[in-house]
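> Have a look at this fold, sequence not included:
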């Protein structure tokens, strides 16, 4: 390559570089698309209180699944049916049927409670710590996204709300 060809190549490259620098100071031609992202509602939850296992003394594992995916029906299930049998309230301690009437759980009501739980969890600033009695919460959105949270049962904040929700949902088994 001759010197003139090198000089022309360098000058062209320099002009392109300078033009590129001046072009950046103007407004971009392509703007990023701004979309309003509305989060899908939480329609299922798994409340888990892990136990110690078979060979250790202590509470057994407890997992409750609450499903409010379909409109009008709410399903409350325990993943270990033996737990419900072992922890039943004796008949002598129950109220008569006419005094024990509870309004049924509605999908909207449960979804609102799950929305409030998620807000409580995301707003909380709980310290990560090791504990003997953990609580795990898995929230499932209608689109299938699963988010898991962990804390200790004795902590203030959302673990207390989880305990209250589990106690309430146990009445609907």
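Right, received. Where do you want to start? Since we're looking at a predicted model, the values are computed, not measured.

> May I see the buried residues of stretch 118-133?
Residues 118, 121 are the ones in stretch 118-133 that count as buried (16 or more other C-beta atoms under 10 Å). C-beta coordinates here come from the backbone N, C-alpha and C atoms, glycine included.

> looking at the chain, which helix or strand is least sure?
The helix or strand of the chain with the poorest confidence is helix 3-24; it has a mean of 55 (mean pLDDT, DSSP states H and E).

> which secondary structure elements does the helix or strand just after that helix contact?
Going down the chain from helix 3-24, the next helix or strand is strand 42-49, by DSSP states H and E. Packing partners of strand 42-49 (3 or more C-beta pairs under 8 Å, 6 or more residues apart in numbering; DSSP states H and E): strand 62-67, helix 107-123, strand 134-141, helix 158-170.

> Reformat these as a markdown table; add distance to residue 76 and mean pLDDT.
A markdown table is the format used below for those (distance: least, C-beta to C-beta, whole Å; pLDDT from 0 to 100):
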| stretch | distance to residue 76 | mean pLDDT |
| --- | --- | --- |
| strand 62-67 | 5 | 94 |
| helix 107-123 | 9 | 95 |
| strand 134-141 | 15 | 95 |
| helix 158-170 | 5 | 94 |
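
> Need those in TSV (columns: distance to residue 86).
Shown next, in TSV, are the helices and strands packed on strand 42-49 (distance: least, C-beta to C-beta, whole Å):
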stretch	distance to residue 86
strand 62-67	11
helix 107-123	26
strand 134-141	20
helix 158-170	13
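
> looking at the ones you listed, which is closest to residue 81?
Residue 81 sits nearest to strand 62-67 of all the helices and strands packed on strand 42-49, at 11.2 Å, using C-beta to C-beta.

> Provide the contact partners of the closest one at residue level.
43-49, 51, 74-80, 83, 110, 114, 166, 169-170 (C-beta atoms under 8 Å, 6 or more residues apart in numbering).
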